[in-house]
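Q: Got a predicted structure here, sequence first:
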Amino acid sequence: MPERDEKIANCHDAAHPNEPEIQTNASTGPRTPDGKAASSQNALKHGLRSEKTILSDEDPAEFDALVACWFHHYKADADEVASALISELARAHWLLKRASKRLEEVEFNLPGNADHWTDDHQRRFANFTRYKTTAERSFLRFYKEVEAYCDKQFKKEILKERAFARIAAIEARFLSDRARNELFADRRLIQTAQISVGEDGNCVTACIPTNEQLLAEAAKHDHEPLFVTRYLDFQSSIPVEYAWLRANPIEPGYRTVEQNLIYPDWLKVIEHEARTGTGHLGPVLKIILGE
């Protein structure tokens, strides 16, 4: 409470302007190292005016567990700003627990009948109640700051997801326009993936032409292709390797699925599919969005 004490001192000086000045030879506090060390511990008797996070009678492991709980709750370890705010929130929570504990200790030692409280009892109870109230306000202030920041970041992520979803929808609409497709027919690559399941139960995906052949075809022209259309032709039912298609509405008996991509996205998709090493095609939208 240094700031409050300073304000009280200033108010006292303003209320008594005619009091004699303090003599220059009056006590200015401890001068020896031992005296200064003893004086520094005065605020640690109950710890509620101390700047130290963990006092000698407190368990550091308990504090670390409390901090870990707050970080686990917000899951923001990678965000430096959020981490700083959450650290302050956890410390404020720790100090609030300390203030609550000290107030309980004071109440425990007070007479059960408040009518028997002395002036000293009243003063101690009021002081420790004030310490707890100050700790509560500090905790709530940091809590509001953390919530406001995390809510802002959450809204940014939602906006980002909506933006990419809107891009995908617009591109799909653009690619589904037959007239536009015919207009850019010479800038389109077409590939068919024949997908079958052998007698041994293994799924086989054969792309015609292969990705390498499509890349070679694209290199022959002065301008790179605009679009790539892939037809997934299932020879039987949809195998487990293509289970991601089951989340999409597919008409019964409909065995061909069409994927339309702009050329840069197709390059990204085939690179990702090559890294997986399965030899199968994947859900292009999730690959493009990095999900």
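A: In hand now; what should we look at?

Q: This structure: helices as residue ranges?
A: Listed in chain order, the helices of the chain (DSSP state H) span 2-15, 33-40, 60-74, 80-109, 119-176, 178-183, 211-219, 263-276, 284-288.

Q: Contacts made by the last one with the rest, please.
A: The set of residues external to helix 284-288 that reach it, using CB atoms under 8 Å, 6 or more residues apart in numbering, is 168, 244, 259, 261, 265, 268, 269, 272, 273. No exception for glycine: its C-beta is placed from N, CA and C like everyone else's.

Q: out of those, which are buried?
A: 259, 261, 265, 268, 269, 273 (16 or more other CB atoms under 10 Å).

Q: So what pairs up with the first one in the strands?
A: Spelled out, that is residue 259. For residue 259, the beta-bridge partners are residue 230 (DSSP bridges).

Q: which ones are touching it?
A: 229, 230, 231, 232, 281, 284.

Q: Serialize these to a markdown table and add fields for neighbour count.
A: Converted to a markdown table, the contacts of residue 259 look like this (neighbours: other CB atoms under 10 Å):
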| residue | neighbour count |
| --- | --- |
| 229 | 16 |
| 230 | 22 |
| 231 | 14 |
| 232 | 21 |
| 281 | 23 |
| 284 | 20 |
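
Q: what's the closest of the residues you listed to residue 86?
A: The closest of those to residue 86 turns out to be residue 284 (CB to CB; 37.5 Å).

Q: Could you report the pLDDT at that closest one?
A: Residue 284 is assigned a pLDDT of 83 by the prediction.

Q: got it, and residue 150?
A: What the model reports for residue 150 is a pLDDT of 88.

Q: Kindly check the end-to-end length of stretch 199-209 for me.
A: Stretch 199-209 stretches 25 Å from its first residue to its last (CA to CA, to the nearest Å).

Q: what's stretch 82-94 in contact with?
A: 53, 63, 66-67, 70-71, 74, 76-77, 135, 138-139, 141-143, 145-146, 149-150, 153.
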